[in-house]
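*Asks:* Got a sequence here, can you model it:
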Amino acid sequence: MSEVLQKIKDQKVVPLFYNESFEVSKNTIQALYEAGIRVIEYTNRGHQALENFTRLKEISHTEFPGLLLGIGTVKNIQEMDDYAHAKADFIITPVISEDLVKHALEKNIFLIPGCFTPSDINIAYQNGLTLVKIFPADALGKNYIKSIQPVFPGMSFMPTGGIHAESEDIREWLNGGAMAAGLGSSLIGKDVNEEELTLKTKNLLQQLNHN
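*Replies:* This next block holds a predicted model:
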C-alpha cells in the first residue's frame, strides 16, 4: 500500500480547505498539524491557489515534517501539470475522464479522482487506481458505497461533500464501507480560529480512534 493510501486509511479523515491568504493557509495547516493531521488537501479554488500551494510545499518539509500535502479541485491536464510541478503529494479531482487518468499514470501522479456513478468508478478501476473520491457524497447517501463495493473488489472509497465533522456521522460512513471521509467547511470555517481548530480536530481524531 502506498504511503498516501496508508496515511489516509490511518487518519480516517482528510481535511480540505482554501484561503486566499498565504498566512491564513499556513496557520490553518499548522493548527491541523498540531492536532495530529498528516494528510491535507488544499483546494484549487481561487486566484492565489497555485502560488500559495507552491510556497506551502516549499516550507512543509522543514515546518511540517511527515505531512502529505495534496491539491484538490483540479479539473484539467494543465492544472494537473502545474501542481505536479509544485510537487503535490497527490492530486484530487471533482470529476474523472480517461484523459486525466492516463495523464496521471504517465506522469506517475497519485490521482484520487472524483466519481459519482458506477461508470465513473469503472474508469478508475480499469486503469488500476485504488482510491476514488465519492462526490458529492451527501447526494448519494451512506448506503451507496456498500452497494457498489462488491462490484469493484480492492477499490477504496473516500466520500466528500456534506459530511459533518462529528465522529458519529463519520463513523456511519466508515461502517458503510468508506476508507476515510473528506471534511471541508464542517471542520474548517471561513473565519479560522487556530486554537479552536486544533482542539476540535484533535478531539475528532481521538473519538474516531478510540471507539
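
*Asks:* buried residues in stretch 119-137?
*Replies:* Across stretch 119-137, burial judged by 16 or more other CB atoms under 10 Å covers 120-125, 129-135, 137. Just so you know, the C-beta spots here come from the backbone N, C-alpha and C atoms, and that holds for glycine as well.

*Asks:* next one: that stretch to chain centre, how far?
*Replies:* Computed by CA atoms, centre = their mean, to the nearest Å, the chain-centroid distance of stretch 119-137 equals 14 Å.

*Asks:* what's the span of it from first residue to last?
*Replies:* 16 Å (CA to CA, to the nearest Å).

*Asks:* pLDDT averaged over it, what's the number?
*Replies:* For stretch 119-137, the mean pLDDT works out to 98.

*Asks:* what does stretch 145-153 give?
*Replies:* 97.

*Asks:* Please apply the same query to stretch 62-70.
*Replies:* 98.

*Asks:* what sits up against that stretch?
*Replies:* If you take CB atoms under 8 Å, 6 or more residues apart in numbering as the criterion, stretch 62-70 is touched by 3-4, 7, 29-30, 33, 37-42, 53, 56-57, 60, 88-92, 110, 112.

*Asks:* residue ranges of the helices in the chain, please?
*Replies:* Assigned by DSSP state H, the chain shows helices spanning 3-11, 22-35, 49-63, 77-85, 98-106, 118-126, 137-140, 144-148, 167-175, 194-210.

*Asks:* Now do the buried residues in the last one.
*Replies:* Of the residues in helix 194-210, those buried under the neighbour-count criterion (16+ other CB under 10 Å) are 197-198, 200-202, 204-205, 208.

*Asks:* what do you get for the first one?
*Replies:* Going by neighbour count (16+ other CB under 10 Å), the buried part of helix 3-11 is 4-5, 7-8, 11.

*Asks:* Quick one: the residues you listed as TSV, columns for pLDDT and distance to residue 73 too.
*Replies:* Output for those, formatted as TSV (pLDDT from 0 to 100; distance: CB to CB, whole Å):
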residue	pLDDT	distance to residue 73
4	96	18
5	97	21
7	97	21
8	98	18
11	97	20
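
*Asks:* Redo those as JSON lines? Include distance to residue 100.
*Replies:* Putting those into JSON lines (distance: CB to CB, whole Å) gives the following:
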{"residue": "4", "distance to residue 100": "17"}
{"residue": "5", "distance to residue 100": "19"}
{"residue": "7", "distance to residue 100": "23"}
{"residue": "8", "distance to residue 100": "20"}
{"residue": "11", "distance to residue 100": "25"}
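
*Asks:* Could you single out the nearest of these to residue 21?
*Replies:* residue 11 (25.3 Å; CB to CB).

*Asks:* what sits against that closest one?
*Replies:* 37-39, 180, 205.

*Asks:* Now do the closest residue to residue 79 other than its chain neighbours: how many residues are near it, please.
*Replies:* Distances taken as CB to CB, 6 or more residues apart in numbering place residue 44 nearest to residue 79, at 6.2 Å, with adjacent residues excluded. Applying other CB atoms under 10 Å, we find 23 residues neighbouring residue 44.

*Asks:* Is it correct that residue 44 is in contact with residue 76?
*Replies:* No: under the criterion of CB atoms under 8 Å, residue 44 makes no contact with residue 76, lying 10.4 Å away.

*Asks:* Identify the residues contacting the closest residue in space to residue 27 that isn't next to it in sequence.
*Replies:* Leaving aside its chain neighbours, residue 27 sits nearest to residue 194 (5.3 Å; criterion: CB to CB, 6+ apart). Residues in contact with residue 194 (CB under 8 Å, 6+ apart) are 27-28, 30-31.

*Asks:* I am finished for the moment; much appreciated.
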